[in-house]
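Sequence and predicted model, in that order:
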Amino acid sequence: MSDSLQKLEEKVAYLERHVGEQDKAMLEMSELLDRIKIELGSMRQRMEDAAPGSSDDATLINERPPHY
């Protein structure tokens, strides 16, 4: 009985450590996602500022590159 109890304790300890590692990874990914969202917003704002009067996305997509 003692051996099976020890195995269960080992499994619980492993699972607790694993859950802690997953929590840490999720927090890191959440922080990264927040930074990416901020950067994306900044890039969108720069694109809008760079092309005044043509804020429509379709205009930017259909616009021919300058070398044509």
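Structure received.

drop to CA atoms for contacts and neighbour counts, all remaining ones
OK.

For the residue most central in space within the chain, give its distance to residue 48.
In the chain, the residue lying closest to the centroid (C-alpha atoms, centre = their mean) is residue 33, at 3.0 Å. Applying C-alpha to C-alpha, to the nearest Å, one obtains 22 Å for the distance of residue 33 from residue 48.

Check residue 12 too.
Where residue 48 is concerned, residue 12 sits at a distance of 53 Å (C-alpha to C-alpha).

These two - which one has more neighbours?
Neighbour comparison, residue 12 and residue 48: the larger count goes to residue 48, with 15 against 12 (by other C-alpha atoms under 10 Å).

What separation is there between that one and residue 24?
Distance from residue 48 to residue 24, counting by C-alpha to C-alpha: 36 Å.

Check which helix or strand residue 41 maps to.
helix 2-50 (DSSP states H and E).

For that helix, name the packing helices and strands.
If you count contacts as 3 or more C-alpha pairs under 8 Å, 6 or more residues apart in numbering; DSSP states H and E, helix 2-50 packs onto no helix or strand.

pLDDT weak spots in this structure?
52-61, 68 (pLDDT under 70).

which element is residue 65 on?
Using DSSP H and E, residue 65 falls within no helix or strand.
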